[in-house]
Structure formats: structure tokens, C-alpha cells
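>>> I would like the atomic coordinates for the input below:
(one chain, ligands or ions: 2)
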Amino acid sequence: MSDNASSTVIRRADYTPPAFLIDSVALEFDLAPARTIVRNTMRVRRNPDAAPAPHLELLGEALEVLGARLDGAPHGAVRAHEHGLTVENVPEAFELTLESACAPDQNTTLSGLYVSSGNFFTQCEAEGFRRITYFLDRPDVMASYTVTLRADKAAYPVLLSNGNLVDSGDLPDGRHFAQWEDPFRKPSYLFALVAGKLVAIEEQITTGSGKEKLLQVWVEPADLDKTRHAMDSLIHSIRWDEQRFGLKLDLDRFMIVAVGDFNMGAMENKGLNIFNTKYVLANPETATDTDFANIESVVGHEYFHNWTGNRVTCRDWFQLSLKEGLTVFRDQEFSADMAAGDDVASTARAVKRIEDVRVLRQLQFAEDAGPMAHPVRPESYVEINNFYTMTVYEKGSEVVRMYQTLFGRDGFRKGMDLYFKRHDGQAVTCDDFRHAMADANGRDLAQFERWYSQAGTPRVSVRTAYDAAARRYTVTLAQGYGDASPAARETQQGPLLIPFAIGLIGRDGRDLPLRLDGEAAASGTTRVLDITDTEQTFTFVDVPEQPLPSLLRNFSSPVIVEYDYSDDDLAFLLAHDSDPFNRWEAGQRLATRALLTLAARAAANEPLTLGENFIAAFRRVLTDANLSPAFRELALTLPSETYLADQMAEADPAAVHRARQFVRRQLATALRADWLAAYEQHQTPGAYEPTPEASGRRALKNLALAYLAELDDPADAVRVASAQYDASNNMTDRAAALGALLSAAAAGANEPAEHALDDFYRRFEKEALVIDKWFAMQAAQRGTPAQPTLAKVRKLLAHPAFNLKNPNRARSLIFSFCAANPAQFHAADGSGYAFWAEQVLALDAINPQVAARLARSLELWRRFTPALRDRMRDALEQVAAGAKSRDVREIVEKALA
Ligand code: 0A1
Ligand code: ZN
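Ligands and ions are numbered 1, 2, ... in the order given. Predicted coordinates:
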């Protein structure tokens, strides 16, 4: 991050090792909000494996130099400049002490050292450490840290940093100190400190090897009643990593700290994870089932980084997916195991898989289709903070998952074991990980590298033929990228190794045993075909009848499958496929097809109708008691407006909205009695529990309520939702009831919605995360011509509880409108885009990272209808002209290029 952007491009190919190494760092902080003094004593030596450099070039930003000593003596040959500090005339090995000052309470970027609610926090990934002190702020420089914190004892009773507390005590003038030592060498991006008025819940646990460990979750005093779930999630994470990967907690003490102002979800600083409050705080009254699940997954994610990220870290930021893709994969597997235990076939596992794939397809596929398309291991960047992306994280996780699909769980584990054996304590590359997987499993994975170097979403088109006389069934698979975006096309070199899972279904709905040509006997009913060429044919023999293929089971690779299923085929798969992922997929394909046809008709102002078969297929799912409620809820949720618009040759959000609302209303009306019955049957009486079963029941019940709220006459929904709002003992139900009332308001029932909104605000005024929901729900509300949502959003900008400096609050109102309300955001008059431009520029002056995220809302502008496209370009140009930060400039310049 920087203001006044020079858009220097950083390239992977230009990597060179650091000219100097730093073996140890002693940091002393005199903490004060307006001016914090940092004394940094480093043991530095020349790197024998690097080209010699004339001077030591340290990176630094927004710092004031106060003094420099070399081997104990004042050193005059230091020169501060825009990017840092040049230290001239340095010997082979030396001790350098630098003293500098920074201003935490002026730091609205939330990168480096900053103040939130009067407490001190740090955020150093990716390049925040240089805002704390001058340093070789790059991940391949790993040092041992000793940290001394000094501060006023009354204002900052708690002083935390990485590792173990080795000393503490009182100082004159009401001050005190604490000294921390991290026993592990680490890159600077994993440094952290926290100081302030915080309290903790604690647990002592004994690990598999019999060692005692102290676990703490630190929060502001008023939030202590919302820490239990995070602590439980941490304990489960520790146990899981021991069991599944043999990886143990390597510290005596592990701390999680919650902070209300945070740019991202959370941060894996060694032994001192710092979390956005959103991913820590939960109790039944304030947090939804989704919040509970997200907390479990993010606590797991950060904890798992302790090995995949911290013990083995990245050589440079192009390797980010080395830690992020792998750690997302690990957190996905953790959540799946927590929900499903050892049962590999359970629908709870499939539900988790569906949720993850839905995110990938909606957000990562879109990223891959636009100007920000980049490979999992990017080739270049202007601002690294812009590359914490869906591609690096979610597609990166799919790439890791493919190793497991290729080698099985045991083979994957062998690869992991070899990776740690080779690289513990090192800063390495994605190639190193791939080589460990290849060597541990005795397989050449040279071709697999293309998953790391090619951008764009691969397409696999499938042709099948059945020869009844020969009882042979051939499946021809062809891979390519379709008409990929220019950014993606640039990176493409050749065909990928695609593990493609397939099953064949007989007329009775059962899987056929599979025998490939050349095999002695049939085995199994799902086979993973390894596609390696541009086009390949696989032949199944002994096939007794024309089967229906179930393609890409469990989404075995991150591709788009093209196959000419008829509507009847899809309805059949939805009813029978033994692979629950593909059952869901069939329903989504059916719905997508119907909705896109309707959107085209809506755009042409033709009347809309919905076939009986479609409604019948939905009714069958809704009333099928053999399917888990969680699965039914997913299957009955229509593809999102954003996803649908992305599938159009020219995206037309208004037409998509009309089509989707039409279908929702038809389903509400035709299945009214079934929805009411499902609502009644899926109550969850008794104490709230965020288990997969209970949350699945709530999800289906609340989906039923949401459909009922679409009825022309909203009376039923208002009655049911008001009762639920008043009676609920948990946030999932209360928020769903409020959501239904807001939908009913669009059909004219304004008063109950207003009443509930007021009640909700008063009830939760002191709970910031709940007030975020209050803003978000209003921003996502369907507008009417008389009440466009933007007018409401603008009014809420002036609400006393709104605060642009708090990222969660900015996201709850502004991002919700720009990303979660496409029909209103893409209003034909361009008013949404004008609002967007204003807010991006306002945020740019406060927090470039958050501004750059918002800036991405228009990046797919070229894919929209001509009228919208022109208005979007105007808005983008306005931002390009006014933006100061490198972060925002990179986004809008790439969009306009
Ligand atoms: N490594 C963290 C993500 C993260 C990245 C950058 C940050 O700076 C603003 C903060 C967090 C993770 O994957 O959880
Ligand atoms: Zn991560």
C-alpha cells in the first residue's frame, strides 16, 4: 500500500535472493497512540548465496528516523527516502540499531501498528511490518524475535506478542513492560503485538504427546460471553491437525485476539492470531448458523497456518497460494470432518462441498473471466494486497484437492509428510510442494504445473456414444478455455492434467459397475479419468444399456463441464444420482437453463411462463424426506442473480432479476401448502445448537418462509415471520424473520418491516456485529420504483452508527449494496455507479485496501449490456482520475485497459 502511486510492476521472474540476512531482531516499543517509539536492534550479515550489494537497503514507510548505531557506535551513513532507508558502509556482519517513530492513532489503513477502540494492534501481512520499523520486509528473510513492550499500565494492562512471555514488571510513572520471545524463526509478516484493556477465556490442554498448552481467546470485556465457540473451534482444530496430518502445536501458549477494525478475516501471526471480531464472537442471540460455521472454519484456517505458512513459509509473494490454497483446503476438510466424522459418503460432507463450490463458481470463475484474471501463482503484480484473491485462495485449494483426488488421502498424507521433512523452517515455492507430492507418490507431475501458471477457467466438453450390440459406451472428453479473457489467454500453454470423476447410471436409477476397456473386471461405480490431452476417448465395456453419465462427480476439478443433457435427463439425475453433489448440480443446471430462457424473454418484454415439470421437480425435492433438510435447502435455492447474469452473452441484471423473482413467485404459489408444511415440520424446539442437523432444519424452514414472503398476498408470511421474530431464541431465526418481513415490504406490507427494523436496532444497539447485519439487510433489500434501495442506503450513510473507517461497517452498507443487490446497483440511470465511484474515492483516502476491494465491483463491465457498459466506464474513469492509492489504481487501470 502507498499513497501516490507509481505503478511499478513486480515480476515473479525477477526474484533474487536478499543481499543481506537478518538472524535476530530485538524490538523495543514505547507505546503511545500519537507517537510510538520503536527501537530495533538487528544482527545482520551478508548473504553468501546472493550477489554482493554496495549498501544495505531496508524498507520503511510512514516512519520518522530518530537515530542509527552500527556495532554500538553512532552511524551517520544512513539515508531515508520514499521507500525506506539506505545504510551505507556496512561490514560483512554487524549489529544495527535503528530508532524510529510512527503515529498509530493516525493510521487508518489498518496496516502496520494501529489503534482500534483505544487498544493497539498490528497487521503485517503482506507489507505492513515496514510501517513499524525499517527492515528487510520480505518473507524469505527469517529471524528470531525478542519483543519488549512498554506502556501505561492503567490504559494498557495487557501486553502481548509472539511466542512466550519471558519477563514482565512495573516501571516508573505508572508504566509497565512485558518481554516476549518467539522460539521459532519467522518472516516479518508474522510479527504481531497487541496492547490494551482486554480479557481472555483460557483452557489448558494436553496434546497427544502429553505436553501442557495454554490456550487463550482475548476480547474486550463486554464480549467475554461470546468466546466459547471460538475456543471450542480452536481445541477441535488442534486435535484434528494431530489426527489427520500428525501436526502438533509447537508452542506452549497459543492466543487468539479479536479486533473490531480489521481489513480481512483474520491473521495467522505466530502464536498470536489476530481476528476480525466477526470470526470470533458468537452466542446464539447474536450470531447465525452461518456465523458459527464461519468461525469454526476461520479459527481452523489460522491455526492450520501454523504449519502450512509459518513452519514452512513462502519464498516470495508470488507463492502466496503455497500457504493459502493449501490452508483453505485444510480448513475445508476440517469443517467437512467436523460435520460428517469419518463417513466419507455422508450428505453433511456433500453439503459442505456444495457450499464451497458455489463460492468458487460465483466468485472465482467471475474473477477468471475479467481483467484481474491471474494464475494461482501470479506472474506479476502492482500491489500485492490486491492478490489475496479467490483465485489464490479458492482455486488454489481446488488445485491442492486434486492431488488428494489423484493419490487418495493416504498418498496426499505421504506428500505432506515429505514436504515437511524437506522444508520445515524454510521459505519455499509452489514447485517445492508439487515436487514433494510427485516424489512421495512416484508420479511425474510436470504437466500439473500448468494449474499454477495458466489463468482462466478450463472447459471440458463431453460427447458420449452407446453401441448396444457391442455393449460399449464411449466418453470423449475435450479440454480448452473457450473464449477466455485476454488476461487469461496470455498465460495459456497447453492441456492440463484433469482428474475427471465419472459414474454411469442405469435406467433404474442405480449406478452401473464400471469396467474400462482393457481391464479384467469391473470395479467400483465412480472412476477418476485422468485427462491429459486436448481430446481423449475412454471406453467402458460390458455396459448393458444406454446409461446416463454423471460427470465430474463431487466436482473433481475446477472446470466447466459442457454436455447436452435434456431437461428430462437433469430431472432424472436430480432424483437419482448417487453422488449428492451431482444431484444438486443437476437441479442447478435445470434451474439455470429455465432462468436464462426467462431472462431472455424478460429482456424482450415477452410474457413469462414456467413449465409444470420444473415445479414438479422442485416439489419432489421439497417433500423427499430421505434427503437431509440441509441438502434440500441447497437444492431449492435458485442460482444467484450474479451467477445467472455471468452466464449471459451480455449481462442484463434487470432481466435476470425479473426472471428470478418470477420463478420464486411461481414456486411460492404452486407449492404454497408444501412450504407451509415444511415450515411446520422443521422447527427446532429447545435450546439452540449450531450442529449441522439443527442448522439444516433452520435453513430449510427459513427458506420456506422466504418463499412464502414472495406470495402476492404477503399476509401469511407476515403473520408467520412476525411470530418467529418475536419468539426466536437465536439470531438465525430472528434475522430470517426480519428478512422475510423486508421482502414482504416490497409487496406493500411496510409497517411490520419498519417495526421489526426498529426493534432489531434497539435490541442490539451495543452489538456491533449485529448492527452490521441491520445495515446489510437494508442494503440488500429489494427496491421498488417508489422506494429505490439506493435512497435508503444514502440515508443510512448519515446514520449515527455508520462509520466509513470501520471496514465491517463499510462492507455491511456499501459492499452489500454494490455486490449483494445487483438489480438495484445496476439501475439503468447509472445512479448505483455514481454512488460506487463516490464511495471508492472516499475510502481511498482512508483505507486503500478496502477501497480496492470495493473498486472491483465494476471490473466485469465489458460483459454488460451496452447502455450499462457506457455508464460503468464513465464511473471507472472518474475513479481512475481521482484515486491516489496504488491499490485502487491497479484495479481500475486494469479494468479500463
Ligand atoms: N493470511 C491471512 C489473510 C490476510 C492477508 C492480509 C491481511 O492484511 C490486511 C490480513 C490477513 C489469512 O489467510 O487468513
Ligand atoms: Zn490464510
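>>> Flag every residue of the stretch 201-350 of the chain that's near ligand 1.
In this structure, the stretch 201-350 of the chain approaches ligand 1 at residues N263, M264, G265, A266, M267, E268, H301, E302, E324, judged by Cβ under 6 Å from any ligand atom. Every residue, glycine included, has its C-beta placed from N, CA and C.
>>> Give me the neighbour count for the fifth one.
The one in question is M267. Under the neighbour criterion other Cβ atoms under 10 Å, M267 is assigned a count of 25.
>>> for the first one, same thing?
With neighbours defined by other Cβ under 10 Å, the count for N263 comes to 20.
>>> Please tell me the pLDDT value assigned to it.
At N263 the predicted local distance difference test score is 98.
>>> Any regions of the protein where pLDDT drops low?
Along the chain, the parts satisfying pLDDT under 70 run over 1-6.
>>> Check which residues of the one helix or strand A616 maps to are buried.
Secondary-structure element containing A616, defined by DSSP states H and E: helix 612-623. By neighbour count with 16 or more other Cβ atoms under 10 Å, helix 612-623 contains the buried residues F614, I615, A617, F618, V621, L622.
>>> and the residue of the chain most remote from its centre, which of the three is it?
Taking Cα atoms, centre = their mean, the residue of the chain most remote from its mean C-alpha position is A469, at 50.8 Å. For A469, the reduced secondary structure class is coil; criterion used: DSSP: H, G, I helix; E, B strand; the rest coil.
>>> Start at 559, not 1
All set: I'll call the first residue 559, so the last point we hit is now A1027.
>>> Can you get me a residue count around T1034?
Here the count is done by other Cβ under 10 Å, and T1034 has 14 residues near it.
>>> ok, now P649?
Other residues near P649 come to 10 when the count uses other Cβ under 10 Å.
>>> wait, what's in contact with it?
Remark: with contacts taken as Cβ atoms under 8 Å, 6 or more residues apart in numbering, P649 is in contact with D629.
>>> For the residue in the stretch 609-758 of the chain that ligand 2 sits nearest to, give me the backbone phi and psi.
With Cβ to the ion, the shortest gap between the stretch 609-758 of the chain and ligand 2 falls at E683, namely 8.9 Å. Recorded main-chain torsions at E683 are phi -70, psi 140, according to degrees, to the nearest 10.
>>> Next up, the contacts around it.
Each residue near E683 by Cβ under 8 Å, 6+ apart is listed here: Y747, L748, M825.
>>> switch to 10 Å and redo it
By Cβ atoms under 10 Å, 6 or more residues apart in numbering, the contact list for E683 reads 669, 697, 745-750, 822, 825-827, 867, 875, 878, 942-943, 946.
>>> Those residues in strands, which ones?
Using DSSP state E, the members of the contacts of E683 that fall in strands are P745, M825.
>>> one step back: name the helices or strands packed onto the helix holding A1174?
The contact analysis (3 or more Cβ pairs under 10 Å, 6 or more residues apart in numbering; DSSP states H and E) places helix 1170-1181 against helix 1125-1134, helix 1138-1161, helix 1187-1194, helix 1211-1228, helix 1230-1239, helix 1250-1266.
>>> Can you show me the helices along the stretch 859-1008 of the chain?
For the stretch 859-1008 of the chain, the helices defined by DSSP state H, counting those that start in this stretch cover 878-898, 905-917, 923-926, 948, 954-981, 988-999, 1008-1011.
>>> will you turn those into a markdown table that also has distance to ligand 2 and mean neighbour count?
Putting the helices of the stretch 859-1008 of the chain into a markdown table (distance: least, Cβ to the ion, whole Å; neighbours: other Cβ atoms under 10 Å) gives the following:
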| stretch | distance to ligand 2 | mean neighbour count |
| --- | --- | --- |
| helix 878-898 | 5 | 24 |
| helix 905-917 | 15 | 21 |
| helix 923-926 | 17 | 23 |
| helix 948 | 13 | 18 |
| helix 954-981 | 10 | 20 |
| helix 988-999 | 15 | 20 |
| helix 1008-1011 | 17 | 20 |
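>>> Of all those helices, which one is nearest A1303?
When the helices of the stretch 859-1008 of the chain are compared by Cβ to Cβ, helix 905-917 sits nearest A1303, at 27.5 Å.
>>> Give me the angle between the closest one and helix 1187-1194.
Here helix 905-917 points in a direction 30 degrees away from that of helix 1187-1194 (axes from the mean of the first three to the mean of the last three Cα atoms, to 10 degrees).
>>> Does anything pack onto helix 905-917? Which helices or strands?
Applying 3+ Cβ pairs under 10 Å, 6+ apart, we find helix 905-917 packed against helix 847-863, helix 878-898, helix 954-981, helix 1138-1161, helix 1187-1194, helix 1250-1266.
>>> Checking the nearest residue to G1082 once chain neighbours are set aside next. Helix, strand or coil?
Counting by Cβ to Cβ, 6 or more residues apart in numbering, L1072 is the residue found nearest to G1082 once chain neighbours are left out, at 6.0 Å. Of the three states, L1072 takes coil according to three-state DSSP.
>>> residues near L1072, how many?
The local packing count at L1072 equals 21, with neighbours defined by other Cβ under 10 Å.
>>> measure it to V1033 for me?
Between L1072 and V1033 the distance, using Cβ to Cβ, to the nearest Å, works out to 11 Å.
>>> again with W1233
In this structure, W1233 and V1033 are separated by 40 Å, where distance is defined by Cβ to Cβ.
>>> More neighbours: the two, which one.
Neighbours were counted for W1233 and for V1033 using other Cβ under 10 Å; W1233 has more, 27 against 20.
>>> quick one: contacts for the more buried one?
Residues touching W1233, when contacts are defined by Cβ under 10 Å, 6+ apart, comprise 1180, 1194, 1225-1227, 1258-1259, 1261-1266, 1268-1269, 1274-1275.
>>> Identify all contacting residues around stretch 1241-1249.
Stretch 1241-1249 is touched from outside by 787, 840-843, 845-851, 853-854, 896-897, 906, 1251-1256, 1259, 1282, 1286-1291, with contacts defined as Cβ under 10 Å, 6+ apart.
>>> ok, now with 6 Å
Residues external to stretch 1241-1249 that are found in contact with it (Cβ atoms under 6 Å, 6 or more residues apart in numbering): P842, D847, F850, A1252, R1255, R1256, N1287, N1288.
>>> Just checking the distance from it to the centre of its chain.
How far stretch 1241-1249 lies from its chain's middle: 28 Å, per Cα atoms, centre = their mean, to the nearest Å.
>>> Now L830: phi and psi?
Dihedral angles (degrees, to the nearest 10) for L830: phi -140, psi 70.
>>> just S1280 next, same as before
phi -60, psi -40.
>>> ok, and the closest non-adjacent residue to it?
P1310 (5.7 Å).
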